[in-house]
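Undergrad: sequence below, structure please.
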Amino acid sequence: MDFLQIALIFLILLLSIFLAITGIQVFFILRDLKKALDKFNAILHTGENIAADIEKPVATASNLVTAAETQAVAGAAKVLGNLFKPKPKPKRFYKKVL
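TA: Next comes the predicted model:
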């Protein structure tokens, strides 16, 4: 073997080693990225649970306030209706005599 073939074999081996090391580093980077995304997903899921837990009492309070408002408006309408309603004439219990 002459010098050129030895140099080419050495360069091929060197490049193969560098590519293998780079591949291993990419594997570790992707593994760390997966762990970080799993943690982020857990945080988002926890936040979603907290938001759902807060939503239930707020919705109940909203329904309560809406019902109270409806009752208040109905009561006010009834009172105003009674105020402006013409009073009925009292009925007589006796006959009118000429």
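Undergrad: so where is this structure shaky, pLDDT-wise?
TA: Residue ranges of the chain with pLDDT under 70: 86, 92-98.
Undergrad: just the helices from it, written as ranges.
TA: Along the chain, counting by DSSP state H, helices occupy 3-84.
Undergrad: how close does Asp2 get to Ile24?
TA: 34 Å (Cβ to Cβ, to the nearest Å). No exception for glycine: its C-beta is placed from N, CA and C like everyone else's.
Undergrad: out of the two, which sits in the busier spot?
TA: More crowded of Asp2 and Ile24, by other Cβ atoms under 10 Å: Ile24, with 10 against 6.
Undergrad: who's in contact with the more buried one?
TA: By Cβ atoms under 8 Å, 6 or more residues apart in numbering, the contact list for Ile24 is empty.
Undergrad: how close does it get to Phe10?
TA: 22 Å.
Undergrad: could you do Ala42 as well?
TA: 49 Å.
Undergrad: what's the answer for Ile29, then?
TA: For Ile29 relative to Phe10 (Cβ to Cβ), the value is 29 Å.
Undergrad: how about Phe40?
TA: Taken as Cβ to Cβ, the span from Phe40 to Phe10 is 45 Å.
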